[in-house]
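Chemist: give me a 3D structure for the following:
(one chain, ligands or ions: 2)
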Amino acid sequence: MGKTISVINQKGGVGKTTTAVNLAASLSALEKKVLLIDMDPQGNATSMSSIQEENFNTIYDMMANPDIKAVYPTKLPSLKVIPCNSDLTGAEVELLEVEENREFVLKETLKKLKSKFDFIIIDSPPTLNILTVNNMIASDGIIIPIQCEYFALEGLSRIMETMKSIKKLNPSVEIYGILLTMYDKRVKLTYEVENDVREHFGDLVFQTVIPRNVKLSESPSFGMPILLYDVASIGAKKYLELAEEFLERIK
Ligand SMILES: Nc1ncnc2c1ncn2[C@@H]1O[C@H](COP(=O)(O)OP(=O)(O)OP(=O)(O)O)[C@@H](O)[C@H]1O
Ligand SMILES: [Mg+2]
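Modeler: Ligands and ions are numbered 1, 2, ... in the order given. Predicted coordinates for the structure are as follows:
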C-alpha cells in the first residue's frame with residue numbers, strides 16, 4: 001500500500017509547491033510510482049506539471065464524484081498528477097456545508113488510488129483551513145518546509161498544535177520531517193534559525209537542506225520540475241538527496 005504525504009505550512013511562499021513537485025519528481029526518478037495532487041486553488045503545482053489537455057478534470061471534480069478520471073501523465077513516465085484550478089476555492093465552501101465527515105472527503109476519494117502508487121504527494125494551500133485538514137487526514141505523514149527567518153519557530157508550533165487535533169481524527173499520522181528551504185549560508189540568521197529548529201525538533205529536521213538556487217525559481221515558468229529543467233543544478237541534486245533521505249527515514 002502506498003504512502004500519502006502532505007506538504008504543509010500555513011505560511012505563504014516557504015517552498016511547499018517547490019518541495020511537493022520536486023520531491024515527487026525525484027522519487028519518480030528513483031523508480032517509484034508517484035502521484036502528485038494539487039490541493040491549492042492557486043494551481044501552482046498544476047502549472048509545473050504541464051498537462052496537455054485544455055479542459056482537464058480536477059481533484060475538485062473527483063472529490064464530488066470519485067468515479068471521475070482526473071489522473072494525468074507528466075513528462076516523467078512514473079509521475080502522474082491530479083490537477084486543480086480556482087474551482088477548488090468553491091470546494092472549500094462546499095466542504096464546510098457537508099454535515100458529516102467533511103474532514104474525510106479527500107481520504108475517501110483517494111482510497112482506490114492508494115494501491116496503485118508507491119507515494120501520493122499532496123501540495124497544500126498556505127492556510128490551515130478545511131482543505132489542509134482534509135490533506136492531513138488523508139495522509140500517513142506530513143513534511144513541513146520552512147524558511148530560515150524570524151517567526152519560523154512560531155509557525156512551526158502552530159502546525160504542531162493543529163497536528164494534535166488532527167491526531168484525534170487520524171491517530172497514525174506522523175511528521176515525516178521538517179525541511180529547511182531557501183537556505184542561504186551567507187546569512188547569519190540562517191544559522192541562528194537552523195540551530196533553534198534543530199535544538200527544538202532534533203531528528204525530525206531533515207539533514208538535507210535546500211539552498212536558495214536560481215534554477216529552482218526559474219523552473220516553474222517553464223512548467224517543469226528541476227530534474228527536467230536543469231539536472232546538473234544544485235537544486236536538482238539537493239531534491240534528489242532529500243528523496244533518498246526520505247526513503248531511508250520511512251523504512
Ligand atoms: N530553494 C529555492 N531557491 C530559490 N527560489 C525558490 C526556492 N524554493 C522556492 N523558490 C521560489 O520561491 C517562491 C515561493 O516558493 P513556493 O511557490 O514553492 O512556495 P509555497 O510555500 O508553495 O507558496 P504558497 O504558500 O504561495 O503556495 C517561488 O517563486 C519559488 O520558485
Ligand atoms: Mg504553493
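Chemist: in stretch 105-115, what counts as buried?
Modeler: Buried residues in stretch 105-115, counting neighbours by 16 or more other C-beta atoms under 10 Å, are found at 105-107, 109-110, 113-114. Quick note: C-beta positions are derived from backbone N, CA and C, even for glycine.
Chemist: could you do stretch 40-53 as well?
Modeler: Buried residues in stretch 40-53 (16+ other C-beta under 10 Å): 40-49.
Chemist: by mean pLDDT, flag the weakest helix or strand of this structure.
Modeler: helix 88-97 (a mean of 82; mean pLDDT, DSSP states H and E).
Chemist: in it, what counts as buried?
Modeler: 88, 91-92, 95.
Chemist: pLDDT (mean, whole number) over stretch 5-17?
Modeler: The average pLDDT within stretch 5-17 is 97.
Chemist: Val105 against Asn134, yeah?
Modeler: Yes - Val105 is within contact range of Asn134, at 5.8 Å (criterion: C-beta atoms under 8 Å).
Chemist: give me the common contacts of these two.
Modeler: Leu95 (C-beta atoms under 8 Å, 6 or more residues apart in numbering).
Chemist: what parts of the protein come near ligand 2?
Modeler: Residues of the chain found near ligand 2 (C-beta under 5 Å from the ion) are 16-17, 44.
Chemist: quick check, Leu180 in contact with Ile146.
Modeler: Yes - counting by C-beta under 8 Å, Leu180 does reach Ile146; the two are 6.4 Å apart.
Chemist: give me the common contacts of those two.
Modeler: With C-beta under 8 Å, 6+ apart as the test, Leu180 and Ile146 both reach Val197.
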